[in-house]
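Visitor: next input, structure requested:
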Amino acid sequence: MTANKFLLATIAFALAAGPLVGAPVAKTAADSRWFLSGAAGFSSVKPASDCDCYRISDDNDAGFMIAAGYDLSRYFSVEGYYADLGEAEVSNVGGDPVGHVAYRDFGVTALAYFYNQSPQPPSRYYYPGVPRQGFSLYGRLGVGAMQNSSNLLFERGNDYHVLVGAGAEYAWRDGFGLRLEYTAYDVDAAMLTVGLVKRFGKSVAAVAPTGVKYGTTVTTTKPKRSERSRALLSLTMPVIEFQPGSDMLDAEATRQLDRFARDVAAFFKLRFDIKGYAASGKDEYENLRLSLGRAVRVKKYLISKGISPRRLSSQGIGSGDGKGVSERVEISIR
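Guide: Next comes the predicted model:
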């Protein structure tokens with residue numbers, strides 16, 4: 001019995017792992033956060049017997065769970081699930097097996113993530129589910145319906161029940177995650193599982209730019225890290241232009257910064273330098289003051305869009321070397 005159940009659980013786990021082949025590289029802030037999950041593990045099912053002529057000779061088995069869900073926010077998700085918890089073996093007083101009781105369960109649960117390692121802070125701009133990366137801890141609470149089958153006469157006390165659980169998850173930016181969870185489905189059924197979760201959404205195309213458009217520049221510094229290398233291939237670093245003597249952002253500037261803020265959500269470990277330039281003042285002191293004000297203005301705008309201030313540094317260059325458009329702010333990977 002146990003070997004067959006464990007084989008079924010292994011097949012279910014393998015099916016859940018299948019989408020790893022050809023997975024997209026990265027996610028954007030506008031992604032849908034629908035997800036699928038599958039898990040396999042060991043269960044404990046302990047039906048009670050009203051007759052002294054029967055006893056539970058084996059209450060451990062293999063089981064599996066499959067689920068579909070949606071990330072409501074950075075901290076909350078909902079799932080619909082189906083779980084096969086295996087069987088309990090029933091024996092007579094002499095120890096001879098006489099039957100079994102099988103457990104199946106389905107229902108709806110809520111997941112509360114009370115710890116999330118991702119450094120990206122929540123904001124009204126970023127989709128709240130995007131930072132579900134790195135290591136997380138969560139709790140589970142839901143309502144389920146238990147179904148049993150047996151070759152013996154039996155009676156369920158309650159068809160519906162409350163289930164609770166707790167687990168740990170480690171998620172990568174490509175939408176895949178690994179879970180370890182313990183769930184108590186009812187007073188007589190529980191399961192410890194290891195599983196995979198896959199979140200779906202658009203991918204950021206990792207294509208090197210073929211040229212530099214007016215108003216933009218691409219950093220060409222030699223990459224030192226894999227994340228930095230991917231960023232250099234897929235990110236277009238904005239150049240924000242200003243009116244002479246002004247540090248106000250116009251519509252085109254905010255459009256470029258909005259796009260940049262969305263794109264860097266996939267590279268939450270990278271840090272950026274913001275350098276302001278100006279050539280509108282009567283002396284270099286005025287140029288330095290204005291260039292710093294422009295850099296700070298861009299930094300504050302990006303922070304308002306959900307980028308952590310720890311990832312941004314601002315600097316006023318003044319008139320700089322006089323090359324290019326002087327009334328500007330440049331952003332580069334640190």
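
Visitor: what about Asn148, distance to Ser91?
Guide: Distance, Asn148 to Ser91, using Cβ to Cβ, to the nearest Å: 18 Å. No exception for glycine: its C-beta is placed from N, CA and C like everyone else's.

Visitor: by contact count, what packs against the helix or strand harbouring Arg289?
Guide: Element membership for Arg289 (DSSP states H and E) is helix 284-304. Contacts defined by 3 or more Cβ pairs under 8 Å, 6 or more residues apart in numbering; DSSP states H and E place helix 284-304 against helix 251-263, strand 272-277, strand 312-318, strand 328-333.

Visitor: make it 6 Å
Guide: Using 3 or more Cβ pairs under 6 Å, 6 or more residues apart in numbering; DSSP states H and E, the elements in contact with helix 284-304 are strand 272-277, strand 312-318, strand 328-333.

Visitor: give the contact list for the residue nearest the centre of the chain.
Guide: The centroid of the chain falls nearest to Arg132 when counting by Cα atoms, centre = their mean (2.7 Å). Applying Cβ atoms under 6 Å, 6 or more residues apart in numbering, we find Arg132 in contact with Ala171.

Visitor: any buried residues in stretch 296-312, and which?
Guide: Val296, Arg297, Val298, Lys299, Tyr301, Leu302, Ile303, Lys305, Gly306, Ile307, Arg311, Leu312 (16 or more other Cβ atoms under 10 Å).

Visitor: tell me how far that stretch is from the chain's mean position?
Guide: Offset of stretch 296-312 from its chain centre (Cα atoms, centre = their mean, to the nearest Å): 22 Å.

Visitor: cool, and stretch 149-161?
Guide: With Cα atoms, centre = their mean, you get 38 Å for stretch 149-161.

Visitor: buried residues, that stretch. List them.
Guide: So, applying 16+ other Cβ under 10 Å, buried residues of stretch 149-161: His161.

Visitor: contacts for that stretch?
Guide: Gly99, Val101, Ala102, Gly144, Ala145, Asp186.

Visitor: dump those residues to TSV, plus secondary structure and distance to Ser44.
Guide: Below are the contacts of stretch 149-161 laid out as TSV (DSSP: H, G, I helix; E, B strand; the rest coil; distance: Cβ to Cβ, whole Å):
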residue	secondary structure	distance to Ser44
Gly99	strand	18
Val101	strand	13
Ala102	strand	14
Gly144	strand	16
Ala145	strand	19
Asp186	strand	11
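
Visitor: now Tyr113: which helix or strand?
Guide: Per DSSP H and E: Tyr113 is located in strand 97-116.

Visitor: just for the stretch 51-200 of the chain, where's the confidence low?
Guide: By pLDDT under 70, the low-scoring segments of the stretch 51-200 of the chain are 51-54, 93, 117-131, 154.

Visitor: would you map the strands across the chain?
Guide: 34-45, 54-58, 60-71, 76-92, 97-116, 134-150, 160-171, 176-186, 189-199, 216-217, 237-241, 272-277, 312-318, 328-333 (DSSP state E).

Visitor: can you redo those strands as JSON lines with distance to Ala266?
Guide: Shown next, in JSON lines, are the strands of the chain (distance: least, Cβ to Cβ, whole Å):
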{"stretch": "strand 34-45", "distance to Ala266": "17"}
{"stretch": "strand 54-58", "distance to Ala266": "48"}
{"stretch": "strand 60-71", "distance to Ala266": "16"}
{"stretch": "strand 76-92", "distance to Ala266": "20"}
{"stretch": "strand 97-116", "distance to Ala266": "17"}
{"stretch": "strand 134-150", "distance to Ala266": "14"}
{"stretch": "strand 160-171", "distance to Ala266": "13"}
{"stretch": "strand 176-186", "distance to Ala266": "14"}
{"stretch": "strand 189-199", "distance to Ala266": "13"}
{"stretch": "strand 216-217", "distance to Ala266": "19"}
{"stretch": "strand 237-241", "distance to Ala266": "15"}
{"stretch": "strand 272-277", "distance to Ala266": "14"}
{"stretch": "strand 312-318", "distance to Ala266": "17"}
{"stretch": "strand 328-333", "distance to Ala266": "13"}
